[in-house]
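S.K.: Turn this into a model:
(chains A and B)
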Amino acid sequence: MILKTPSQRRALLERSKKVFVAGASANHVRPSYFVYRYLATHGFEVYGINPAYDAIDDEKCYPTLAACAADHGTPDIVDFFRRAEEVVPLVRDAIAVHAKAAWFQYGVINQEAIALADAAGLDVVVDRCMKVEHGRIAGGLTTAGMNSGVISSKRRGL
Amino acid sequence: MAGVVVESGEFAWKPEKHPLVCAPSPGYHGMSFADTFGEYAYLMRARAEVLRDFGPCLSPFDAFLLIQGLETLAVRVEREVRSAEAVAQHLEGHDAVAWVRYPGSASNPQRALVKKYLPRGAGAIFTFGLKGGRKAAVAFIEALQLWSHLANVGDAKSLVIHPASTTHAQLTDEEMIKAGVTPDMVRLSVGLEDVEDLIWDLDRGLAAAREAVKAGVAG
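M.R.: Numbers count the residues shown, from 1 in each chain, chains lettered A, B, ... in the order given. I've put the predicted structure just below:
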């Protein structure tokens, strides 16, 4: 199912623990590094998938989703940090390892990939950033002065 | 000093038109704010580059005052707008007044646009003209006791100024007319005081203006 509302995304983040970041970078100034790092420091079990690296910082990086799944089992979310035109084979891999959700980062919009993931029964988030959406709920966006869209006087946390 | 940026996050940034938001930023290793932060692109650039360069640090006391003020801003503005409407209406009916230019007036020919774009009121700052021109305007302001003669606007207290002899005095007569600053024009910024007191004070000023014109004609 394609998740379009903030509450659906919130529920997805709350029920998810294990995230494979497809296209994670070892370069500290890339968004695909700092989203990976952010998720790891905010309670997620995160693994990087990128054939270009053996490790990101000191953590093992996997060449394929299948290789990662062989060590760590089924991911709750595969977070796609790849060019839109290159994402379809990765989505097939995600389906093959029985990922429960496919998360396409900002600008990673590929209708074929979206349709594939949706048809395979995955929860799908499109053109959103996992770090931003987590911050929306956890309060980081508010701290940074952004309008999180959440109207609540309660201190928040995931 | 402090300020607030309100931005919807729905603007369609285009690389060819908005390089500041879309183009790779050299200060951030070639990162594009538009590609990286989605709906928060503008605000992230404002924080990461503009505030970085100009200094982001509001003093703690200023921050306290700002937050304190923001908490009641909505009701203050609402009251000022309601009072401004009453003041404008009163002036429109006064025979010492030549014209009133309040966007929210029923007589405004652009009333339909005001309704569309400013559905909750047309603000608390506007101008009007006095019969008798400059002389009447100056006499009017000098006679006021409650309204403060100040060049700023949007204060909690009511402010009045005669632009032709103050804020725009450096212009030639011709330039003033071009700028819409006629010699008879007075600018009001309506504050939070009791609107009946405000109108009472204006009436005192209008009476003085009328006297000044009479004296001018006699002399």
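S.K.: so when I look at residue A:103, I'm seeing a helix, right?
M.R.: No. Counting by DSSP: H, G, I helix; E, B strand; the rest coil, residue A:103 falls outside a helix, being strand.
S.K.: Residue B:42 and residue B:6 touch, don't they?
M.R.: No. Under the criterion of CB atoms under 8 Å, residue B:42 is not in contact with residue B:6, lying 11.0 Å apart. To be clear about C-beta, it is placed using only N, CA and C from the backbone, and glycine gets the same treatment.
S.K.: out of those two, which sits in the more crowded spot?
M.R.: Higher neighbour count among residue B:42 and residue B:6: residue B:42, with 20 against 5, using other CB atoms under 10 Å in any protein chain shown.
S.K.: What number of residues are in the vicinity of the closest residue to the more buried one other than its chain neighbours?
M.R.: In this structure, residue B:42 finds its nearest non-sequential neighbour in residue B:7, 5.3 Å apart by CB to CB, 6 or more residues apart in numbering or on different chains. Counted with other CB under 10 Å, residues neighbouring residue B:7 total 14.
S.K.: cool, and the one 4 residues further on?
M.R.: Counted with other CB under 10 Å, the burial measure for residue B:11 works out to 13 neighbours.
S.K.: Which pLDDT does the model give residue B:114?
M.R.: On pLDDT, residue B:114 comes in at 94.
S.K.: Spit out the contact partners of the nearest residue to residue A:42 once chain neighbours are set aside.
M.R.: Of all residues not flanking residue A:42 in the chain, residue A:134 sits nearest, at 6.2 Å (CB to CB, 6+ apart). Residues in contact with residue A:134, defined by CB atoms under 8 Å, 6 or more residues apart in numbering or on different chains, are A:13, A:38, A:39, A:42, A:140, A:158.
S.K.: Let's see if you can find the most crowded of those residues.
M.R.: residue A:13 (26 neighbours).
S.K.: could you measure that residue against chain B, distance?
M.R.: In this view, residue A:13 and chain B are 17 Å apart by CB to the nearest CB, to the nearest Å.
S.K.: On the three-state scheme, that residue is what?
M.R.: Counting by three-state DSSP, the backbone at residue A:13 sits in helix.
S.K.: Could you check which helix or strand contains the closest residue to it other than its chain neighbours?
M.R.: Leaving aside its sequence neighbours, residue A:13 sits nearest to residue A:134 (CB to CB, 6+ apart; 5.9 Å). For residue A:134, the host element (DSSP states H and E) is helix A:130-138.
S.K.: now the strands for the chain?
M.R.: Here I'm looking at chain A. In chain A, strands defined by DSSP state E lie at A:18-22, A:45-49, A:55-56, A:59-62, A:77-80, A:101-104, A:123-125, listed in chain order.
S.K.: you looked at the wrong chain, it should be chain B
M.R.: Counting by DSSP E, the strands of chain B are B:97-101, B:125-130, B:148-149, B:159-161, B:185-189.
S.K.: quick one, which of these is nearest to chain A?
M.R.: Taking CB to the nearest CB, strand B:125-130 is the member of the strands of chain B nearest to chain A, at 27.1 Å.
S.K.: Direction included, what does the closest one pair up with?
M.R.: Paired neighbours of strand B:125-130 in the sheet (DSSP bridges): strand B:97-101 (antiparallel), strand B:185-189 (antiparallel).
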